[in-house]
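Q: here is the input, now give the coordinates:
(chains A and B)
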There are 2 protein chains.
Amino acid sequence: MSLTVVGSIAFDSVRTPFGERERMLGGSAIHFSLAASFFTEVRVVGPVGDDFGDDEVKVLEERGVITEDIERIEGGETFFWRGHYEYDMNVAHTDDTQLNVFADFDPKLSDASRSAEMLFLGNIDPELQRRVRASCAAEFAALDSMNFWLDNARDALKQAIAEVDCLLLNDAELRELTGEPNLARAARAAMGLGPGVIVAKRGEYGAALFSGEDFFAIPGYLLEDVRDPTGAGDSFAGGFLGYLDSRRAAGEPPDHAILRQAMAYGSVLASFNVEDFGTERVRRLTRDEIEERLRAFRRITAFDVDPITT
Amino acid sequence: MSLTVVGSIAFDSVRTPFGERERMLGGSAIHFSLAASFFTEVRVVGPVGDDFGDDEVKVLEERGVITEDIERIEGGETFFWRGHYEYDMNVAHTDDTQLNVFADFDPKLSDASRSAEMLFLGNIDPELQRRVRASCAAEFAALDSMNFWLDNARDALKQAIAEVDCLLLNDAELRELTGEPNLARAARAAMGLGPGVIVAKRGEYGAALFSGEDFFAIPGYLLEDVRDPTGAGDSFAGGFLGYLDSRRAAGEPPDHAILRQAMAYGSVLASFNVEDFGTERVRRLTRDEIEERLRAFRRITAFDVDPITT
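A: So this is what the prediction gives:
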């Protein structure tokens, strides 16, 4: 049971209608690994600069995340993103992106990271995703991406997708990737590229899962307080793959029932992520809170099937 | 057990990426009553012109809908709507609206319609909705509306909402009505206007229910073939209220479990509605198909709750 994540490690400055924060710990690999840490052993791979200090490392280590493969680039600065959200928090507005050490990122994985049983390729250049995938032994690899790579490296992205077992994308991106306006058809088309499991992320509306002939849909957990949606998709992926790894049977693909539970755990982690800025909520999260919300989630989505009586 | 619906009866000309149709039977009262007819006795109230013939009446009567209160305006023409959809079928583009006999609609309800136990006020002028509500004995009344009335008759709409037990609106309209960007808060605020039950319709993403302290969310049923979304919201309302009426206990508000099942039945009816143009699919629908899809719906949304094992 072990899970390696390769992705961005960042400082994020974020403004929403509910407040703002400067230079919070962020990035896809960070949100993913904190969420996954509740379920399994996580190794995080990514570059940082001199501005990445002990406080940041401590956030990860307090959650048991193994940080040996965080690569310090001397004289460099950590990836920086500045953005804001209006009241429609499904849409992030980017105000500034400074790639910094991320511009020349050349992932170097330790033997331990390479031999993890599961691998998550966060949203980075698909050529890097391919190289990492090829260097890892993982029995089950998943990939996230975004419209930037669809527009600028479509062929490489398609090849990267062909080499993983699970693709996670926003529903609009899945439609763009396949040219299919219908989500169910888009998911089938994406399966045709290679992965047996497709997860369509739908922001506040939840997520849908396609695997083999099976499909599953879960609404978003309805929250009265959403303060900062940054990282929700990566927290979803962390909960989803972290749970899958915790229930993994060697040599077998995850079964449908476990995939569904993983979707629910992913949704729960995403729902906590957005309750506060950056990693603030997930940092102070407990397993009891996760399981309590999972039960609540089941309550708010469950219905009986009684026949028509008239 | 009886349900009266007051709303538009129309001819719709619709073009989608999957075909087009001229002058199909449509309108909120039509889609609603066909959907509700699978569950209870439905009376439909609304005006039509000379162009509304026996063929149209037959569609309703074949489903057992009572058409006595369809008012024929001699020398008049039936309400007409022309619209189209692009690949994003969540958005209807209106190309032409001819109110015709609907412009001077003054609802006249028979004693039987007025004494029905449930009432649905389809999307019409809120002053008319209020007048109909006041003239009816219904123990449980529900109301649908749209942004046009929010923009042009906000105060009247708020008064109409205050006089019903259940409000159904698109989620964006619920936010606009209350000025609350967060859906859960918007629903609470709408409850503050009067209704104890709020249903937020979310197009292909499903629907959410708020009643008292309870809430419930259901994703949209994932279909590979969506041909025409016109009337989906009214079919949802018809399935929802039709089922509620079939399970009604006199003098008592609907309980949470029944409201949830009603949400599922509403979603099922909406999912059939969109599979073909206008009323084509619901017309040939059977109870067995409805119940089969309800079971399928439960399968695609259900998950177990297993604790974290590590």
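Q: contacts, neighbours, all on C-alpha from now
A: Noted.
Q: burial of the spatially closest residue to A:Val48 that is not a sequence neighbour, as a residue count?
A: Spatial nearest neighbour of A:Val48, chain neighbours left out: A:Thr78 (4.7 Å); criterion: Cα to Cα, 6 or more residues apart in numbering or on different chains. A:Thr78 sits with 22 neighbouring residues when counted by other Cα atoms under 10 Å in any protein chain shown.
Q: now do the contacts for A:Thr78.
A: The contact partners of A:Thr78, taken as Cα atoms under 8 Å, 6 or more residues apart in numbering or on different chains, are A:9-11, A:47-52, A:99-102.
Q: among those, which are in strands?
A: Of those, the ones assigned to strands by DSSP state E are A:Ala10, A:Phe11, A:Pro47, A:Val48.
Q: what's the closest of those residues to chain B?
A: Taking Cα to the nearest Cα as the measure, chain B lies nearest A:Phe11 of the ones in strands among the contacts of A:Thr78, at 27.1 Å.
Q: so that closest one makes contact with A:Phe79?
A: Yes - distance between A:Phe11 and A:Phe79: 6.4 Å, which falls inside the contact criterion (Cα atoms under 8 Å).
Q: could you export the ones in strands among the contacts of A:Thr78 as a markdown table, including neighbour count and pLDDT?
A: As requested, the ones in strands among the contacts of A:Thr78 are exported to a markdown table (neighbours: other Cα atoms under 10 Å in any protein chain shown; pLDDT from 0 to 100):
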| residue | neighbour count | pLDDT |
| --- | --- | --- |
| A:Ala10 | 28 | 97 |
| A:Phe11 | 24 | 98 |
| A:Pro47 | 29 | 97 |
| A:Val48 | 24 | 98 |
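Q: look up phi and psi at A:Pro107.
A: phi -60, psi 130 (degrees, to the nearest 10).
Q: that one contacts A:Val45, correct?
A: Yes - in this structure, A:Pro107 sits in contact with A:Val45. The criterion is Cα under 8 Å, and the distance is 7.2 Å.
Q: so what's in contact with these two at the same time?
A: A:Val6.
Q: and the contacts of A:Thr78, which is closest to A:Ala162?
A: Each of these was scored against A:Ala162 by Cα to Cα, and A:Phe102 proved nearest at 24.7 Å.
Q: quick check: residues of the stretch 151-300 of chain A near chain B?
A: By the criterion of Cα under 8 Å from any Cα of the partner chain, the positions of the stretch 151-300 of chain A lying close to chain B are A:181-185, A:205-206, A:215-220, A:222-226, A:243, A:246-247, A:257, A:260-261, A:264, A:287, A:291, A:294-295, A:298-300.
Q: residue of the stretch 51-200 of chain A nearest chain B, please.
A: As assessed by Cα to the nearest Cα, chain B sits closest to A:Ala184 within the stretch 51-200 of chain A, at 5.4 Å.
Q: in terms of neighbours, single out the busier of A:Pro107 and A:Val45.
A: A:Val45 (26 against 18).
Q: list the beta-bridge partners for the more buried one.
A: In this structure, A:Val45 has the following beta-bridge partners (DSSP bridges): A:Val6.
Q: tell me the pLDDT of it.
A: Reported pLDDT at A:Val45 in the predicted model: 98.
Q: and it, what is it in contact with?
A: Taking Cα under 8 Å, 6+ apart as the criterion, A:Val45 is in contact with A:Thr4, A:Val5, A:Val6, A:Gly7, A:Ala29, A:Thr67, A:Asp69, A:Ile70, A:Glu71, A:Pro107, A:Lys108, A:Leu109.
Q: chain neighbours aside, what residue packs nearest to the last one?
A: To tie it back to what came earlier, the one meant is A:Leu109. For A:Leu109, the nearest residue in space outside its immediate sequence neighbours is A:Asp69; the separation is 6.4 Å by Cα to Cα, 6+ apart.
Q: ditto for A:Arg130
A: Excluding its sequence neighbours, the residue lying closest to A:Arg130 (Cα to Cα, 6+ apart) is A:Ala160, at 5.2 Å.
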